[in-house]
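Peer 1: Okay, structure incoming, though there's no sequence with it:
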């Protein structure tokens, strides 16, 4: 009994010591989360959502010889492994330096990389980390963590190191340690660190060989309380890697990576990814980073139906008829954490022949805002028509009126805009209407500018068809704002005046084209012109006027119920404005450019 008791006591003490000293900080917790990984179970380019590249040469601060590229010659995935290859061609070296910055950035965690290292004097492979945000300043103030470095002339010796403002190799104070590793180039080994707020611990194949504790002084000793990202690369030569030269017979060097894994003890706050604008009854996909051992609890506004993946990191839904918040909660046996709500707007899709922008709401309030700028004044009033009274002292402040739709509006089919204006003298020197998409973009190649006005005290229709010069960025199917600029920019006039808006309509161009071409369609050609300009109209014309860019009348010609006209404008200036007035009282402006 005594022997059994002593044996039991010894075993108990052994397991207590093992629990206290033999396990890493991450091994003690039941909940460790795999928050980021790449096991290279695909072919070709390293996954672009996980890896980026540092590109170029110039020595990289260490007199290195290689030029880093994003070419498949220097980095590729094949047979379940990432290969980084340094290649010499015509006496010059190329290699690859893969980075997770912006795609994988972490504060604390266990980082594991299973790798097979290159051979050859002059090679310098590294698995290391740099700060993402450089909050304490440039290198070395914001820190560097070297998980694994190896130089070819000291084959089989692996180094783990930190660099800070107080401890770095440039002043000979870096902190680190090396360990001998057998078969570094013929077998895979797992190089890892455990990084917490209190310490960093280095491992090879699960065996600890170095530990640095936080001295709890300043960032100069311990800048490792900010986000870092991972780098994988092979350098050639350099101050350390080339300390004993580069083997002249060396033509290539290869590092293979079997996997990269990042674990954290606490659930990271999830972020929801997906479209922020939904068509009614359309399908949408929302996703977040996948974490093993975690339950995903999605919540959606009323009327949204889950199609698939409701308890996974990627869910497909059929959206309803109203906007609202998408919410996500991650749950595990140890933690629960929620994402910030992700608001999704429902896109308004006009129907019929015309879509009207309200000038007043149901209570006769004005939903438009005056945005005059700090040096100007603008007041919006009115009942039957919206009156904008303004005093412009600084046109460069771009005074304007602003209307914001509650939900984005799809105007991709309603491209023709009619605005009915009254512009008593003095008329504006410049006037422009912008349709602003949900990202704040305006197509600067497709602007509705009005450079000449009637000042007869009557309302006149000014028209423009958007979408004539798409730029591939601007989204006419997601319009969020309308801005009406008055006396703005270079041609804006200082002074006081007012404009009255009777209505703003967007016409369905497809509907009107099927009925009678496009209402008030006007063709002016050639443009640019030499001397003669021809005019073809889908509506009977009443008159034609030519103005210079400052609004001065240069030419006027009455036209009685004609659909065509020919003008000799040989004496016109290089840029002018043609105004076609229709029998129905509306008008349309076209910018003319004269060939020199």
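Peer 2: Received, thanks. A quick note: this is a predicted structure, and the numbers were derived from the prediction, not measured.
Peer 1: Excluding chain neighbours, give the residue nearest to residue 439 in space.
Peer 2: residue 475 (7.0 Å; CB to CB, 6 or more residues apart in numbering). (Glycine included, C-beta is placed from N, CA and C.)
Peer 1: Next, the contact list for the one you found, please.
Peer 2: Going by CB atoms under 8 Å, 6 or more residues apart in numbering, residue 475 touches 437-439, 441.
Peer 1: Buried by neighbour count, from those residues: which ones?
Peer 2: 437-438, 441 (16 or more other CB atoms under 10 Å).
Peer 1: Name the member of these with the shortest distance to residue 563.
Peer 2: residue 437 (36.4 Å; CB to CB).
Peer 1: I figured the closest one was touching residue 482, is that so?
Peer 2: No: between residue 437 and residue 482 there is no contact, the gap being 11.4 Å when judged by CB atoms under 8 Å.
Peer 1: Common neighbours of those two, please.
Peer 2: Taking CB under 8 Å, 6+ apart as the contact rule, residue 437 and residue 482 touch no residue in common.
Peer 1: List the residue ranges of the protein that fall below the pLDDT cut-off.
Peer 2: Applying pLDDT under 70 to the chain flags the ranges 1-30, 511-520, 560-562, 583-585, 596.
Peer 1: domains for it, by residue range?
Peer 2: Domains of the chain are assigned by automatic domain parsing as 23-264, 277-346, 354-515, 520-593.
Peer 1: and the first one, how far from the chain's centre?
Peer 2: Yep, that's domain 23-264 we're talking about. Its chain's C-alpha centre and that of domain 23-264 lie 28 Å apart, by CA atoms, centre = their mean, to the nearest Å.
Peer 1: what does stretch 466-483 give?
Peer 2: Put simply, stretch 466-483 sits 18 Å off its chain's centre (CA atoms, centre = their mean).
Peer 1: got the buried residues for it?
Peer 2: Within stretch 466-483, the residues that count as buried by 16+ other CB under 10 Å are 466-467, 474-483.
Peer 1: Then stretch 238-257?
Peer 2: 238, 240-242, 246, 250, 252-257.
Peer 1: Now do the end-to-end distance for that stretch.
Peer 2: This stretch, stretch 238-257, spans 23 Å end to end (CA to CA, to the nearest Å).
Peer 1: Residue 85 - nearest residue in space that isn't next to it in sequence?
Peer 2: Excluding the flanking residues, the one nearest residue 85 by CB to CB, 6+ apart is residue 254, at 4.9 Å.
Peer 1: Now for the one you found: which residues touch it?
Peer 2: Residue 254 neighbours (CB under 8 Å, 6+ apart): 83-86, 118, 234.
Peer 1: Please name the strands paired to the helix or strand that contains residue 542 in the sheet, noting orientation.
Peer 2: Secondary structure from DSSP states H and E places residue 542 in strand 532-548. Sheet pairing of strand 532-548 (DSSP bridges) gives strand 522-525 (antiparallel), strand 553-568 (antiparallel), strand 575-582 (antiparallel).
Peer 1: Following element in sequence after the last one, please.
Peer 2: Read in the C-terminal direction, the helix or strand following strand 575-582 is strand 587-593, with elements assigned using DSSP H and E.
Peer 1: Could you list every helix and strand in contact with that next one?
Peer 2: strand 460-465, strand 522-525, strand 575-582 (3 or more CB pairs under 8 Å, 6 or more residues apart in numbering; DSSP states H and E).
Peer 1: Okay, angle between it and strand 553-568 too, please.
Peer 2: On the basis of axes from the mean of the first three to the mean of the last three CA atoms, to 10 degrees, strand 587-593 is oriented at 80 degrees to strand 553-568.
Peer 1: tell me which residues in strand 587-593 are buried?
Peer 2: 587-589, 592.
Peer 1: start to end distance for stretch 132-139?
Peer 2: 12 Å.
Peer 1: Can you list the neighbours in contact with that stretch?
Peer 2: 61, 101-102, 105, 142-143, 163, 165, 219, 223, 226-229.
Peer 1: Tell me which two of those sit farthest apart.
Peer 2: The largest separation in the contacts of stretch 132-139, counting by CB to CB, is between 102 and 165 at 24.9 Å.
Peer 1: of the two, who's got more company?
Peer 2: Neighbour totals were compared for residue 102 and residue 165, and residue 165 leads with 19 against 9 (other CB atoms under 10 Å).
Peer 1: hang on, residue 353 packs against residue 508?
Peer 2: Yes: at 5.2 Å, residue 353 and residue 508 qualify as touching, with contact defined as CB under 8 Å.
Peer 1: So between those two, which is more surrounded?
Peer 2: residue 508 (19 against 13).
Peer 1: thinking again about what came up before, now render the helices and strands packed on strand 587-593 as TSV, adding mean neighbour count and distance to residue 170.
Peer 2: Converted to TSV, the helices and strands packed on strand 587-593 look like this (neighbours: other CB atoms under 10 Å; distance: least, CB to CB, whole Å):
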stretch	mean neighbour count	distance to residue 170
strand 460-465	20	62
strand 522-525	15	69
strand 575-582	20	61
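Peer 1: For these, could you give me TSV that also reports distance to residue 490?
Peer 2: Formatted as TSV, the helices and strands packed on strand 587-593 follow (distance: least, CB to CB, whole Å):
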stretch	distance to residue 490
strand 460-465	20
strand 522-525	25
strand 575-582	13
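Peer 1: just the helices in this structure please.
Peer 2: 2-17, 509-516 (DSSP state H).
Peer 1: ok now do the residue lying closest to residue 290 once chain neighbours are set aside, which residues does it touch?
Peer 2: Leaving aside its sequence neighbours, residue 290 sits nearest to residue 313 (CB to CB, 6+ apart; 4.1 Å). Going by CB under 8 Å, 6+ apart, residue 313 touches 287-291, 296.
Peer 1: Pick out the most distant pair among those.
Peer 2: Going by CB to CB, the pair spanning the contacts of residue 313 furthest: 287 and 291, at 12.4 Å.
Peer 1: wouldn't residue 340 be in contact with residue 271 here?
Peer 2: Yes: the pair residue 340 and residue 271 qualifies as a contact (CB under 8 Å) at a distance of 7.5 Å.
Peer 1: what does stretch 149-160 contact?
Peer 2: Contacts for stretch 149-160 (CB under 8 Å, 6+ apart): 117-128, 146-148, 161, 176-182, 184-185, 191, 193, 202, 204, 209-210, 240-241, 243-244, 247, 253.
Peer 1: mind running it again at 6 Å?
Peer 2: 117, 120-126, 148, 176, 178-181, 184, 202, 210, 240-241, 244 (CB atoms under 6 Å, 6 or more residues apart in numbering).
Peer 1: how about that stretch: buried residues?
Peer 2: For stretch 149-160, by 16+ other CB under 10 Å, it's 149-153, 158-160.
Peer 1: Mind checking which of these are in strands?
Peer 2: Using DSSP state E, 149, 158-160 are the members of the buried residues of stretch 149-160 that sit in strands.
Peer 1: Cheers, nothing more for now.
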